[in-house]
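Enquirer: Please find the sequence and the predicted model below.
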Amino acid sequence: KTAVYYAERLLKHQYFRLEPIEDLFWRIYNGTPLRRADPAGLHALAVDEHGTVYPSRHFVGQEVFTLGSLYKNGLNTDTMRKFEDVGSLTTQACLGCWARNLCGGGTAAVHQALSGSFRQPHAPWCEAQRRWMQNAVAAFSLLSSQGVNFTRVHGALGYQAKPSLVTMLRAAFQLNIGMRAIEEA
């Protein structure tokens with residue numbers, strides 16, 4: 001319902017970003033496969049209050065996933081290597097799935113929590129992912145059948161590499177500085 005609602009708003013030229021649907025629409029439009037959705041252990045690390053390093057914030061406190069310490073001996077590259085090839089191309093359950101290039105293999109922490117292995121997706125979780133992606137593809141088809149120029153839509157909604165002068169001035173006058181907690185209290 002949300003994907004269809006988003007598509008209908010875009011058709012009425014009411015542009016806004018609705019993630020993860022907007023990102024999925026853009027990948028479908030370009031035909032760009034997502035081979036890895038989760039940056040854990042490769043492009044993202046987390047450090048706890050004791051300086052212990054983990055593959056992501058979702059693994060903090062799980063000793064088996066300790067990658068090392070900021071204060072002692074650096075990082076354990078053997079443990080980090082376990083996360084190097086996580087994704088849809090190296091996960092057996094993903095190889096025959098129609099949504100593998102849209103899902104990217106899911107999230108290692110979710111797999112760990114639900115199946116007991118960060119490499120093994122949980123079947124009901126995968127089914128739910130496929131269901132919402134199927135509906136998002138149908139909503140994208142609504143946009144496509146109406147001839148929507150998705151490059152223009154994405155460009156209007158996309159993040160700029162450099163902030164505009166207007167954005168910088170607005171930020172300077174508002175002086176909004178925020179901190180994001182590692183976990184919600």
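Expert: Structure's in. What do you need? Numbers count the residues shown, from 1 in each chain.

Enquirer: Next up, the contacts around Pro121.
Expert: 91, 93-94, 105-106, 111, 115 (CB atoms under 8 Å, 6 or more residues apart in numbering). (C-beta placed from N, C-alpha, C; glycine too.)

Enquirer: Now do the strands in this protein.
Expert: Assigned by DSSP state E, the strands in the chain fall at 46-47, 52-54, 68-69.

Enquirer: Identify whichever of these lies nearest to Thr79.
Expert: Thr79 lies closest to strand 68-69 among those, at 7.9 Å (CB to CB).

Enquirer: Tell me which other helices or strands the longest helix anywhere in the chain touches.
Expert: For the chain, the helix with the greatest residue count under DSSP state H is helix 123-145. On a contact count with 3 or more CB pairs under 8 Å, 6 or more residues apart in numbering; DSSP states H and E, helix 123-145 meets helix 2-11, helix 21-30, helix 100-103, helix 108-115.

Enquirer: Selection in PyMOL covering whichever of the contacts of Pro121 are buried, please.
Expert: To isolate the buried members of these in PyMOL, using 16 or more other CB atoms under 10 Å:
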select buried, resi 91+93+94+105+106+111
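
Enquirer: In helices only, show me the contacts of Pro121.
Expert: 111, 115.

Enquirer: need the contacts of Pro121 in CSV with pLDDT and distance to Ala7, can you?
Expert: As requested, the contacts of Pro121 are exported to CSV (pLDDT from 0 to 100; distance: CB to CB, whole Å):
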residue, pLDDT, distance to Ala7
Thr91, 86, 30
Ala93, 87, 29
Cys94, 90, 27
Gly105, 88, 26
Gly106, 87, 24
His111, 91, 30
Ser115, 91, 33
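
Enquirer: and stretch 36-56, C-alpha only, in CSV?
Expert: C-alpha atoms of stretch 36-56 as CSV (Å, rounded to 0.1, in the frame of the first residue of the first chain):
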residue,chain,number,x,y,z
ARG,A,36,25.2,-6.5,-1.0
ALA,A,37,22.8,-4.6,1.1
ASP,A,38,24.6,-4.8,4.4
PRO,A,39,27.9,-2.9,5.0
ALA,A,40,28.6,-4.8,8.2
GLY,A,41,32.3,-5.6,8.7
LEU,A,42,33.3,-4.2,5.4
HIS,A,43,32.1,-0.6,5.1
ALA,A,44,30.7,-0.2,8.6
LEU,A,45,32.2,-0.9,12.0
ALA,A,46,31.0,-0.1,15.6
VAL,A,47,33.0,0.6,18.7
ASP,A,48,31.7,0.1,22.2
GLU,A,49,32.6,2.2,25.3
HIS,A,50,35.6,0.0,26.0
GLY,A,51,37.1,0.4,22.5
THR,A,52,36.0,-3.1,21.3
VAL,A,53,35.3,-3.1,17.6
TYR,A,54,32.4,-5.0,16.0
PRO,A,55,31.2,-5.4,12.4
SER,A,56,28.2,-3.1,13.0
